[in-house]
Every structure is written in structure tokens, then in C-alpha cells.
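S.K.: Could you work out the structure for the sequence below:
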Amino acid sequence: MQSACVVSAERPLSVLWQKPKILGVSSAAACGGLLFGYDLGLGQHQGTSAYCSYNNDAANLWTSSMFLAGAGASIAVLALTNYKLMSKYGLGRRGVMVCGGLAFQVGALLQATAQNWEMLIIGRILLGVGIGFANEAVPPYISEMAPPKLRGGLNMLFQLMTTIGIFVASMVNWGVGEYAWGWRLSLGLACVPAVVFMAGTGFCPDTPNSILEHDPDNIEKARETLQMLRPADHDIDAELVDIQNNARETREESFWGSVGTLYSRRHWKQAVAALLIPWFQQFTGINSIMFYAPQLFKVMGNSGNMALVNTCVTTGVNVVATIIGIVFVDRLGRKPLFYIAGVLMFSMQIITGSLAGHYIHPWTQFSTDAAGGTGVDPAAAKAMVATICLFVTGFAFSWGPLGWLVPSEIHTNQTRTAGMCGTVFVNFIASFIVGQCFNRMLCSMEYGVFFFFAGWMVLMTLYVAFFLPETKDLGVENVMVAWNTVPNMPWNQQRADTRLPVAAATNAADPKTDY
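M.R.: Presented below is the predicted three-dimensional model:
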């Protein structure tokens, strides 16, 4: 007869039935993705109208808004360099998330009620601050709270909320686009995800790691949190010892000491991954599609209204495909999803570029009809919409959610805060670069822009194959063992848990790697 531990190890989803608060806490924190997604969705169409109301140079104003968002995120990252001070006063990751929601809400209100250019600028900066705080705190919060065997799927809820935010914003853009006051409503509705996020995280407990970092004597509170999130057969005391040891090391090290540790010889592979993964995520080309989807679909032969409809279709595909990732990430692992998506996304970029090169070249010679469409073969236009949807599908179950999941689980406790700060910073910088350059690339390179991003897909897939470890089922305390498996030929890499000592190998009785 199997023990309860073995049964739960073979059926990890049963843990959610035993402890539904695991899903509740993770979902509440993941709502931070709504902030990021809604803001991205607004940028596709309606959000730029607010800035155009004060200046007719829409392209310049869009660039400015992206710069302000990136600057706001940088401010958030710089503020989080004092995370040790914040933890000292009991804020923890939960406090960071609440502050992010508050900043985002104030920024949305300022933009929706803007009477002058200055209010728009300040509001945009606060939106960036809110997103930066949420993006830095949410993934590691979920990683620290979730059972290792469910960590991937639960962490992907953050990306799911991001895609839902994009989809909702696209629908709002479509609904209010014909009204002069529509931009105020679309910006004002950003308060809704901010309120949801603050309300949810306000009722969430802080992670045991944060609790013991700022109050090492509060063992009972940390124990209560673990009991709420772990099955009855779990060895709470053993896990508490691990957390206490890691928390002590973290307390004894300043933030800049944490940065120094991350960029030391021992951790250099983690540091590189923390910076490359968000860069690669943006250079898949996904934001070029999300930011410029209506314009792109117009070039492909759609009228203005149909371009927005197709944008809603692609964002809907984004939501559904993210759910696919949630289902399979803890079954297949992280790297297999990267491989599958690498082949799919590369193929779709090549096919889209080839179709565009044959049917939409040179782009400058296509005249626009009265309905806002272009003289492109309808079958070719539909085929390109389909290939773009398949490309979005590949991104949605791989580089979209894994771009946040993997950086949150490849660090030790001593390097996680510094690593996530670097990840958020690079993500916004890369997003800013793509947002600035894509429109010009589209005009100068035309269909070649799809081949450009296809080349990046090859590079990033090779990086994953040779230099990134598999972290499926692995407890964070054993992450350095995983890094010892790379660099190496992919077919020679071993699963990290097969390299652990017998006493620490992944099994149902080990608190480090089981639930």
C-alpha cells in the first residue's frame, strides 16, 4: 500500500484540493500581471490617443510614453535596491506588491483626468513604477510560496493575467475607439485591475522567507504560513530549518553584497541568465506585434476596424495558449516548451516574411482604399494573420510565461532580489528599444523584419539548449546543483535531481524537493 506522501507526489494537483489556499494566494498575487497586460493593450491603439490630444506628432508621443514607462520601471528597480531596508520594516514582497498597485492606480487616475501635459507625464511615470514593482515582486513571491511540483503552473498565472489584461484592453480599445472621450475611459479603467491587485495581495500572507528575513524570531508565523500551503504529511520543521538558514545568510548580506554575489565567479551563469532571458523574451518580436498589430494588419489588407478585430483575435489566442503552458509546464518541464516554441515561432516568422515578401512588396506602392484597407490578396492576408496567431501561440506557452518563471527560480535566496531587479530592468529596456525601432525597421526592412526576429529565435533556442538547466520539480535550495549540469551538450545533461546526494534526491519524503 502506498503512503499518502507517494500518492500526493504522483498526483500533485491533489494538493490544490487539499490546500485550496495555495491557488488562492498564487492567483491573488498573479493579478499583478493585469497591470502589465492592460497597459500593453492600451498601447496598441487607444492609449496613444491621449497623448495625441495634446500633440499631433503621434509617433514622437508614443516614443515618449514608452520612455516614461521605462524610466518609471527603472525608478522602481532603484527603489528595490533598498529591499533589505524595506524588509527590515516588515514590508516584504507583499508590501512591495501593494505599493505597486497603489502607484498604478494613482497613475491611471491622473491620466484619465489629465487637464495638461504634465499630468499625463506624471501619470505615465507612476504607471511604470507600479508595473516595475509588480513585475519584480510577483514571480519570486509565487516561487517562494508554491510547492515545487506546482511552481511552474502557478507562476504562469502571472503571464495568464498579463494576457487577460491585454485582451481586455484590446476589447476596450475596440469599443471606445470611435468616441472622442474614449481615451479617458480606457485609461481610467486601468484603476480596476489596480484595485483587484491591491485587494488580493492585501489579504495574502507574506512568504516565510520574508517573514524570517525581517523577524528571525517569528518562527511561529512562518510555520503557520507553511502549514497553510503544504499538505499534512509534509515535514514543516525540516523546511523551516532550511528557510531559517537561508534567511540568516540573506540578512547578513547587504543588497550590494547580494549584487556582488550574483556577479561573482560562482554565480556568473545565473547572472547571465537573469539578463539574457528578458532580453530574448522581447527579441522574439512579440511586442512588435502587440504594439503595432493594428498597423501591421492594415498593411496586410485589413480595414481599420478589421485590423482591431484581428488584434482582438490574436490577444484571445494569447490567453488560450497561455493556459496550454500552465497545463504542461510541470509535466514536460521548462526546456521542452522552449524547444517546441523555438521551432514553431521560427517557422511562423519565416513563413510570414516569405508571404509578405511575395504579396506585400514594396509596401510603399500599396494604395489605401476608402475603407482604410490595401490592395493585398485576401487569401495571403488571411494566411499571414493565421501565421501570426500561431507565432503568438508559441510565445504564449513558452517565452511569455517562462520569461518570468525561469528567472524567479534559478537563483539562491541570496541572489534572488538582485537577479529579479536585473531581469525587470532589462525587460523594460529591451521593450523600449523594440518599441522605438520596430516602426522604422518595418519601413526600411519591410518583410525582412520577420527574418530578423527569426534569427533571434535560433540564437535564444541554442542558448536554452546549451546553457540553461532544467528546474522542473527542483526545490530552490538545490538550484546550484542544477547549474552544475551546464554548459554541456543537451543530450548529455542530466536532470538536476539525479545528481543530488541520496538524502537530498527528489522524493515524496524530502521537504526540499517535495511539496
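S.K.: tell me which element the spatially most central residue of the chain falls in.
M.R.: Here the mean C-alpha position of the chain is nearest to the C-alpha of residue 404 (CA atoms, centre = their mean), at a distance of 4.4 Å. If you go by DSSP states H and E, residue 404 is part of helix 399-409.
S.K.: quick check, distance from the helix or strand following that helix to the centre of its chain.
M.R.: Next helix or strand after helix 399-409 toward the C-terminus (DSSP H and E): helix 416-445. Relative to its parent chain, helix 416-445 has a centroid offset of 13 Å by CA atoms, centre = their mean, to the nearest Å.
S.K.: quick one, helix 416-445 and helix 399-409 angle?
M.R.: Put simply, helix 416-445 runs at 150 degrees to helix 399-409, going by axes from the mean of the first three to the mean of the last three CA atoms, to 10 degrees.
S.K.: would you say residue 463 is within a helix?
M.R.: Yes. Counting by DSSP: H, G, I helix; E, B strand; the rest coil, residue 463 is found in a helix.
S.K.: Count residues in the vicinity of it, would you?
M.R.: Using other CB atoms under 10 Å, residue 463 is surrounded by 17 other residues. Placement of C-beta: from N, CA and C, glycine included.
S.K.: Once you drop chain neighbours, what's closest to it?
M.R.: Excluding its sequence neighbours, the residue lying closest to residue 463 (CB to CB, 6 or more residues apart in numbering) is residue 276, at 6.5 Å.
S.K.: What residues does residue 278 make contact with?
M.R.: 403, 407, 423, 424, 426, 427, 430 (CB atoms under 8 Å, 6 or more residues apart in numbering).
S.K.: So which of those residues wins on neighbours?
M.R.: Among the contacts of residue 278, the one with the most neighbours (other CB under 10 Å) is residue 423, at 30 neighbours.
S.K.: For that one, which residues are in contact?
M.R.: 274, 275, 277, 278, 404, 407.
S.K.: isn't the fifth one right up against residue 159?
M.R.: Yes. Contact criterion CB atoms under 8 Å: residue 404 and residue 159 qualify, at 6.3 Å.
S.K.: so where is the stretch 401-515 of the chain shaky, pLDDT-wise?
M.R.: For the stretch 401-515 of the chain, residues meeting the criterion pLDDT under 70 lie at 475-477, 491-515.
S.K.: at 90 what do you get?
M.R.: For the stretch 401-515 of the chain, the stretches with pLDDT under 90 are 408-450, 470-515.
S.K.: same deal with the stretch 51-200 of the chain?
M.R.: Flagging of the stretch 51-200 of the chain using pLDDT under 90 yields the residue ranges 51-100, 111-137, 139-140, 143-152, 166-188.
S.K.: Can you show me the helices along it?
M.R.: All helices of the stretch 51-200 of the chain, identified by DSSP state H, counting those that start in this stretch, fall at 58-80, 83-88, 92-112, 117-145, 151-155, 157-176, 182-188, 191-202.
S.K.: of all those helices, which lies closest to residue 227?
M.R.: helix 117-145 (12.8 Å; CB to CB).
S.K.: how much does that closest one deviate in direction from helix 191-202?
M.R.: 30 degrees.
S.K.: picking up where we left off before, which pair in the contacts of residue 423 spans the largest distance?
M.R.: Checking the contacts of residue 423 with CB to CB, the most distant pair is 275 and 404, at 14.2 Å.
S.K.: hang on, isn't residue 282 packed against residue 428?
M.R.: No. The criterion here is CB under 8 Å, and residue 282 misses it with residue 428 at 9.1 Å.
S.K.: Common neighbours of these two, please.
M.R.: Contact criterion CB under 8 Å, 6+ apart; no residue bridges residue 282 and residue 428 by contacting each.
S.K.: just checking, residue 126 touches residue 101?
M.R.: No. With contacts counted by CB under 8 Å, residue 126 stays clear of residue 101, the gap being 11.3 Å.
S.K.: of those two, who's got more company?
M.R.: Using other CB under 10 Å as the criterion, residue 126 and residue 101 rank with residue 101 on top: 26 against 23.
S.K.: which one is that one nearest to, not counting chain neighbours?
M.R.: Nearest residue to residue 101, sequence neighbours excluded (CB to CB, 6+ apart): residue 198, at 3.7 Å.
S.K.: quick one, what contacts the one you found?
M.R.: The neighbours of residue 198, taking CB under 8 Å, 6+ apart as the test, are 98, 101, 102, 105.
S.K.: try 10 Å
M.R.: 31, 32, 97, 98, 99, 100, 101, 102, 104, 105 (CB atoms under 10 Å, 6 or more residues apart in numbering).
S.K.: Pick out the one among those with the largest number of neighbours.
M.R.: Within those, neighbour counts (other CB under 10 Å) peak at residue 32, which reaches 36 neighbours.
S.K.: Identify the residue nearest that residue in space, chain neighbours excluded?
M.R.: Once flanking residues are discounted, residue 32 sits nearest to residue 134: 3.4 Å by CB to CB, 6+ apart.
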